[in-house]
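In: got a sequence here, can you model it:
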Amino acid sequence: MSRATSNAALGSPAKGIPSAWRLPLFQMAAAALGLCLLFASDLRDMVAIWITASTYNHCALIPFLSGWLAWQRRDELAHLPPQASLAGLLLLGAGAALWLLGDAGEVAVAR
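Out: Now for the predicted structure:
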């Protein structure tokens, strides 16, 4: 039996997640889940604003559109090597600073 046939027989996909991406994707998912749990009350407030204020109704679509755009480029993204970036750390720091300012000023939209 050939390797492709044995993979198909075992039910594993021929085109799965590249092995270089498995650990980084797991780490990103774990970090995202941890942040969602840590900031659950802020997330709840954010969704409430999205639902009640017509100015922000479109914000509920952003995660889905981002996911769709990433899915559209999945073949290109799969070939990129997973690596840390200083730009990501700077964006994280900027987001944390904005959250702190919003929390200090009790501005729910900024949190």
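
In: which regions of this structure sit below the pLDDT cut-off?
Out: Within the chain, the segments meeting pLDDT under 70 span 1-15, 108-111.

In: find the centremost residue of it, please.
Out: Relative to the mean C-alpha position of the chain, the nearest C-alpha, by C-alpha atoms, centre = their mean, is the one of residue 32, at 6.5 Å.

In: what kind of secondary structure is that residue in?
Out: Secondary structure for residue 32, judged by DSSP: H, G, I helix; E, B strand; the rest coil, is helix.

In: how close does it get to residue 96?
Out: Going from residue 32 to residue 96 by C-beta to C-beta, to the nearest Å gives 15 Å. From N, CA and C alone the C-beta is placed, and that goes for glycine too.

In: what do you get for residue 16?
Out: 34 Å.

In: could you report the neighbour count for the nearest residue to residue 56 once chain neighbours are set aside?
Out: Of all residues not flanking residue 56 in the chain, residue 50 sits nearest, at 5.0 Å (C-beta to C-beta, 6 or more residues apart in numbering). Here the number of neighbours of residue 50 (other C-beta atoms under 10 Å) works out to 17.

In: and for residue 43?
Out: The local packing of residue 43 (other C-beta under 10 Å) involves 14 other residues.

In: which parts of the chain are helices?
Out: Taking DSSP state H as the criterion, the chain contains helices spanning 3-10, 19-38, 40-52, 62-72, 74-78, 86-104.

In: circling back to that earlier point, for the residue nearest to residue 56, which residues are in contact?
Out: 56, 57, 59, 60 (C-beta atoms under 8 Å, 6 or more residues apart in numbering).

In: apart from its neighbours in sequence, what residue is nearest the last one?
Out: In this case it means residue 60. Nearest residue to residue 60, sequence neighbours excluded (C-beta to C-beta, 6+ apart): residue 50, at 4.9 Å.

In: next: the second one.
Out: In space, and not counting its chain neighbours, residue 57 is closest to residue 50: 6.4 Å by C-beta to C-beta, 6+ apart.
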